[in-house]
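K.L.:
structure of the sequence below:
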Amino acid sequence: MLCDPDKRYSAEQVLNHTWVANLAPNSEDSILKLDLQAMKNYSYSNKFKKAVLTFIASRLKDDEIHNLRDIFFTLDKNSDGTLTFEEMKEGCKILKSDLNIEEIFSSIDTDKSGSINYTEFLAATIDKKIYLQNERLFEAFKSFDKDGSGKISVKEIANIINAQGEDFSTLEQSVKKFDLNGDGEIDWEEFLNMMDNLNV
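P.N.:
Numbers count the residues shown, from 1 in each chain. A predicted model of the protein is given here:
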């Protein structure tokens, strides 16, 4: 994987490689570690928070997420690097949960591709203790604060999540919820408050 982009394996090639295939978990016991409540909380999150979690998930180190990696590989029955709804539903049967898997699946599939890629899965399942670390949140905040003003505007968020029309109005409402000083933007303290709140 650490080579020129034109020589780099695709996710599917990596997952089908003998080395990965032999090391990947072959026991469904790993699925028992799946935190469905974390996925449920994620499904309630607004698009901005999901975008922040995706940003953080894409930068996590392997030793921080090895349990989640094992769960993903176990759920991914055909080793194509993505999870279909059927794979999720089948894998979650072992958990005997009454959660609406279809609704959760749709929420995690943020790019609406019809499947969940590895980063989307991580974003929906990472432990709050991991993503609430200040240095991680600050890196995400700076990335979203495109003009370096120290605040994130609705327009900056909209550009990142491609919000238009009705989505833009919903986004404005989400920002208002955490815009405690009423200036129409999210500053660092307001950003921390949003990320710490489970029901947004």
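
K.L.:
what helices or strands is the longest helix anywhere in the chain leaning on?
P.N.:
When the chain is parsed with DSSP state H, its longest helix is helix 166-178. Here helix 166-178 touches helix 47-57, helix 154-161, strand 185-187, helix 188-196, going by 3 or more CB pairs under 8 Å, 6 or more residues apart in numbering; DSSP states H and E. For every residue, glycine as well, the C-beta is placed using N, CA and C.

K.L.:
so what strands line up beside the shortest one?
P.N.:
Neighbouring strands of strand 185-187 in its sheet, by DSSP bridges, are strand 151-153 (antiparallel).

K.L.:
can you list the neighbours in contact with the strand it pairs with?
P.N.:
Applying CB atoms under 8 Å, 6 or more residues apart in numbering, the contact partners of strand 151-153 are 141, 144, 145, 147, 183, 184, 185, 186, 187, 191.

K.L.:
quick one: buried ones out of the residues you listed?
P.N.:
141, 144, 145, 185, 186, 187, 191 (16 or more other CB atoms under 10 Å).

K.L.:
pick the one among the residues you listed closest to residue 123.
P.N.:
Nearest to residue 123 among those is residue 144, at 14.8 Å by CB to CB.

K.L.:
what are the ranges of the strands in the chain?
P.N.:
With DSSP state E as the criterion, the chain has strands at 82-83, 116-117, 151-153, 185-187.

K.L.:
any chance of those in JSON lines, plus distance to residue 134 and mean pLDDT?
P.N.:
Shown next, in JSON lines, are the strands of the chain (distance: least, CB to CB, whole Å; pLDDT from 0 to 100):
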{"stretch": "strand 82-83", "distance to residue 134": "31", "mean pLDDT": "95"}
{"stretch": "strand 116-117", "distance to residue 134": "27", "mean pLDDT": "96"}
{"stretch": "strand 151-153", "distance to residue 134": "17", "mean pLDDT": "96"}
{"stretch": "strand 185-187", "distance to residue 134": "15", "mean pLDDT": "96"}
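
K.L.:
columns distance to residue 108 on top of those, output as JSON lines?
P.N.:
Listed next are the strands of the chain as JSON lines, based on distance: least, CB to CB, whole Å:
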{"stretch": "strand 82-83", "distance to residue 108": "9"}
{"stretch": "strand 116-117", "distance to residue 108": "5"}
{"stretch": "strand 151-153", "distance to residue 108": "23"}
{"stretch": "strand 185-187", "distance to residue 108": "24"}
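
K.L.:
ok, the nearest residue to residue 60 once chain neighbours are set aside - contacts?
P.N.:
Closest residue in space to residue 60, ignoring its immediate chain neighbours: residue 122 at 6.5 Å, by CB to CB, 6 or more residues apart in numbering. Residue 122 makes contact with 57, 58, 60, 65, 68, 72, according to CB under 8 Å, 6+ apart.
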